[in-house]
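Trainee: Starting from these lines, generate the structure:
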Amino acid sequence: PLELRPVKTIQRRYGEIDYYPKKINLNYVNDDEMYEIIALISLEKYGIDLTARDIALEWVNLLKYDKAVFTAEKVALNNIRAGIFPPKSGTHANPYFDFIGAQMRADIWGQIAPGCPEIARYYSIKDGSISHAWIGIEGEVFVALLISNAFFENNLRKNIDQALTFLPNEHVSLYTQTVKKAINLYELNPDDFRKAREILINEYWRKIKEDLINREPTSESKRALILKGMESKVHVLPNIGIIILSLLYGAQDKEDPLGRSICVAAMMGYDTDCNCGNIGAI
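Mentor: The predicted structure follows:
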């Protein structure tokens, strides 16, 4: 009930969230899990040397419910069906190549590689290239690394810093820049997650989004129109910012940092199911 809803609507309708706002339908088909199940099936079928093409073929074999396939994954699946395989499947006619889908799929690669970030990175790059490129893949790598590291590193800030060493620095990567911006906003507003979120979205992300739109050949290109609209809420950058803020604010709750982090992410809006799911895995 929260995904993509305006943050003021979430606050007005649900107030301070401290548990599931509605009863969970356990029969609901959710894209956040089905790709990771396919990843496991692919690993079992092809072994440790599996390729991006192997996983892509399993998408074609197992993704029969197209209504649960969205944005970058939908474009990529159609590309694969047409014989266009990774990495081209992630870039060909794909205006969503840097959206949240690859990051959403990251959990499994960290979970199968506890304390082995190089292995988590290796597989997440393969998986990410099926449907994404650039910072879209960086998102999958980063979250997989956080999960891999978390098996042995209990200090959240150390975990984040370690994961960032696998990404380009903030002068090269908008993704790294966004993670560090979120950390800075937390440090400036340690007692007010709503203010930090407002600055992240209404100042920082708005400026980055304008820059991305201006890179397009025309302001009316398909990608430019997507970035101007509702679908921009599932871009990877604002959502990793929300994840980092939620983890940091949630860590203040010494009794239940997991629950608090998830609830803070839910109250921040945007792609709430992806963000809460990644946080739960971390």
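
Trainee: Do a quick rundown of the helices in the stretch 51-200 of the chain.
Mentor: Taking DSSP state H, counting those that start in this stretch, the helices of the stretch 51-200 of the chain run over residues 52-62, 71-81, 101-104, 107-111, 117-128, 135-150, 156-164, 174-188, 193-199.

Trainee: What's the local residue count around residue 152?
Mentor: Per other C-beta atoms under 10 Å, the neighbour tally for residue 152 reads 10. No exception for glycine: its C-beta is placed from N, CA and C like everyone else's.

Trainee: what's near enough to touch the residue nearest to it when sequence neighbours are not counted?
Mentor: In this structure, residue 152 finds its nearest non-sequential neighbour in residue 115, 4.7 Å apart by C-beta to C-beta, 6 or more residues apart in numbering. With contact taken as C-beta atoms under 8 Å, 6 or more residues apart in numbering, residue 115 is in contact with 148, 149, 151, 152.

Trainee: pLDDT and distance to residue 217 for these - can I get that in JSON lines?
Mentor: Output for the contacts of residue 115, formatted as JSON lines (pLDDT from 0 to 100; distance: C-beta to C-beta, whole Å):
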{"residue": "148", "pLDDT": "99", "distance to residue 217": "39"}
{"residue": "149", "pLDDT": "98", "distance to residue 217": "40"}
{"residue": "151", "pLDDT": "98", "distance to residue 217": "45"}
{"residue": "152", "pLDDT": "98", "distance to residue 217": "47"}
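
Trainee: Selecting buried members of those in ChimeraX, what would you type?
Mentor: Burial among those is assessed by 16 or more other C-beta atoms under 10 Å; the matching ChimeraX selection reads:
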select :148,149
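
Trainee: List just the nearest of the contacts of residue 115 to residue 207.
Mentor: In terms of C-beta to C-beta, no member of the contacts of residue 115 lies closer to residue 207 than residue 149, at 30.5 Å.

Trainee: where's the residue nearest to that closest one when sequence neighbours are not counted relative to residue 150, distance?
Mentor: The spatially closest residue to residue 149, leaving aside those adjacent along the chain, is residue 159, at 4.7 Å (C-beta to C-beta, 6+ apart). Relative to residue 150, residue 159 is positioned 6 Å away (criterion: C-beta to C-beta, to the nearest Å).
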